[in-house]
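J.: Return atomic coordinates for the entry below.
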Amino acid sequence: MRSFRLALAFVVAACGLVAAQGPALDKILADIRAKDKGQLAVSEEDGRFLRLLIASSNRKRALEIGGASGYSAIWMAQGLRATGGKLVTIEYDPVRAKELAENVKRAGLSDIVQVVSGDAFEQIPKIPGTFDFVFLDAWKKDYKRFFEMVYPRLDPRGLFLAHNVVNKRNEMGDFLDVVLKHPALWTTIVSPSDEGMSVSMRVK
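T.: All right, here's what the predicted structure looks like:
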């Protein structure tokens, strides 16, 4: 009974913290989207989906390829805060990578998110360990190459998500052909927004 009361107290305290942080995070996220002239950020619906998927499946070691200005990283980091996990996010453009780091800091998530500036093909081999959650939102024609690079380091039952698989499907046909037919993956296409995401789980 005592352990139940302690757990309940923790949940109540955590909910209070989230409630206190909510308006501030909402403003930061809205600011990022307002400045996103290149429309690089995911939709709000996609962000909410990422946060929920990470938290509900207890992901701990996440990788983002194509961080832009940090919109999706902030959504994912909220889920990882709930699980005690960490995120490494890689952004090729140095100006955007700086904005990404600044936005993560503003959101109070620097303890969860590690920002890496540079070419992901060069940076991923330098990151130690394996991943149980990967979110890909980079140059669409490179999706297959990124998948092939990361797949050997994807944990059993790890999730590999790719963005824009509906609205930019014609730019990544080779990637979709691989993940939909891969014998060690279960893959589905979801559309929290009209951009679409593939969700693949490594089953063996």
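J.: Just the residues contacting the helix or strand residue 179 falls within, thanks.
T.: Assessed by DSSP states H and E, residue 179 sits inside helix 173-181. For helix 173-181, contacts defined as CB atoms under 8 Å, 6 or more residues apart in numbering pick out 143, 144, 147, 148, 160, 162, 165, 169, 185, 187, 198, 200. For glycine as for every other residue, the C-beta is placed from the backbone atoms N, C-alpha and C.
J.: Am I right that residue 200 sits in a helix?
T.: No - under DSSP: H, G, I helix; E, B strand; the rest coil, residue 200 falls outside any helix and is assigned strand.
J.: need the strands for this structure, in chain order.
T.: 61-65, 86-91, 113-117, 131-136, 154-163, 185-190, 197-202 (DSSP state E).
J.: Mind listing what's buried along the last one?
T.: Neighbour counts using 16 or more other CB atoms under 10 Å place 197, 198, 199, 200, 201, 202 of strand 197-202 among the buried residues.
J.: just the longest one next, same as before
T.: Along strand 154-163, these residues count as buried under the neighbour rule (16+ other CB under 10 Å): 154, 158, 159, 160, 161, 162, 163.
J.: and it, which strands flank it?
T.: strand 131-136 (parallel), strand 197-202 (antiparallel) (DSSP bridges).
J.: re the thing from before, tabulate the buried residues of strand 154-163 (JSON lines), appending pLDDT and distance to residue 27.
T.: Shown next, in JSON lines, are the buried residues of strand 154-163 (pLDDT from 0 to 100; distance: CB to CB, whole Å):
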{"residue": "154", "pLDDT": "98", "distance to residue 27": "35"}
{"residue": "158", "pLDDT": "98", "distance to residue 27": "33"}
{"residue": "159", "pLDDT": "98", "distance to residue 27": "30"}
{"residue": "160", "pLDDT": "98", "distance to residue 27": "32"}
{"residue": "161", "pLDDT": "98", "distance to residue 27": "26"}
{"residue": "162", "pLDDT": "98", "distance to residue 27": "29"}
{"residue": "163", "pLDDT": "98", "distance to residue 27": "24"}
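J.: Out of the residues you listed, which comes closest to residue 35?
T.: Of all these, residue 163 has the smallest distance to residue 35: 19.4 Å, by CB to CB.
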